[in-house]
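J.: Next one to model:
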Amino acid sequence: MRRLMLLRHAKTETDAPSGRDQDRRLDERGHQDAAEIGDFIAGHPLAPELVLVSTAVRAQQTWELAWAAMQDRVAAPRVESVPELYAAEAMQILHQIRLAAAPDPKVLLVVGHNPGLHELALALTGKGDADGRHELARNMPTAALAVLDFAGDDWTDVSFTRGELRMFVTPKLLKHGSVD
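T.: Reported below is the predicted structural model:
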């Protein structure tokens, strides 16, 4: 079995001082939400062995804050900054996931962006948590985490509709106590 975790970056400022989209930083709520998702991950048997992070500032900050919230409770994963994840479409993200076959982690976390991340989560989900599937179908808001399991023993086997959505978590759902 392989577990894939897809984490959208947390809430950001509207514009970066540089004017470049890649330089947009997290706002105050984004800082809180990223830490909250990190705390959630650490409190569940979800710890990633490998983390692929977009090189955009907001994705890097999301991972750094999530990791800060979990580092005392889980083993340190291998972390790779992947430029190809910035503004990637679903198939481009899937390609990066399949490349994880080389280090072969059992649990892989991808920190990236919409719409590609949301489209990929929807396309990979074939079955699983009905409430989570309903929420995921509506939206993948900032700092949302989709956790999917795949029956195969190789990341190259990950493909559309073969994933089982184990959980879909957002900061809003956590605040309302809708997620264990």
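J.: quick one: the helices in this protein?
T.: Secondary structure of the chain, counting by DSSP state H: helices at 28-42, 57-70, 90-98, 116-124, 130-138, 171-175.
J.: Quick one: closest of the ones you listed to residue 165.
T.: helix 130-138 (5.1 Å; C-beta to C-beta). Backbone N, C-alpha and C define where each C-beta goes, glycine included.
J.: list the helices and strands the closest one packs on?
T.: If you count contacts as 3 or more C-beta pairs under 8 Å, 6 or more residues apart in numbering; DSSP states H and E, helix 130-138 packs onto helix 116-124, strand 163-169.
J.: What angle do helix 130-138 and the shortest one make with each other?
T.: By that I understand strand 163-169. Between strand 163-169 and helix 130-138, the angle comes out at 80 degrees (axes from the mean of the first three to the mean of the last three C-alpha atoms, to 10 degrees).
J.: Could you number the chain from 704 rather than 1 from now on?
T.: Okay, residue one is now 704; in that scheme the one you just asked about reads as strand 866-872.
J.: in the chain, what spans have low per-residue confidence?
T.: In the prediction, the chain carries residues with pLDDT under 70 at positions 883.
J.: So for residue 704, which of the helices and strands packed on helix 833-841 sits nearest?
T.: Per C-beta to C-beta, nearest to residue 704 of these: strand 866-872, 9.6 Å.
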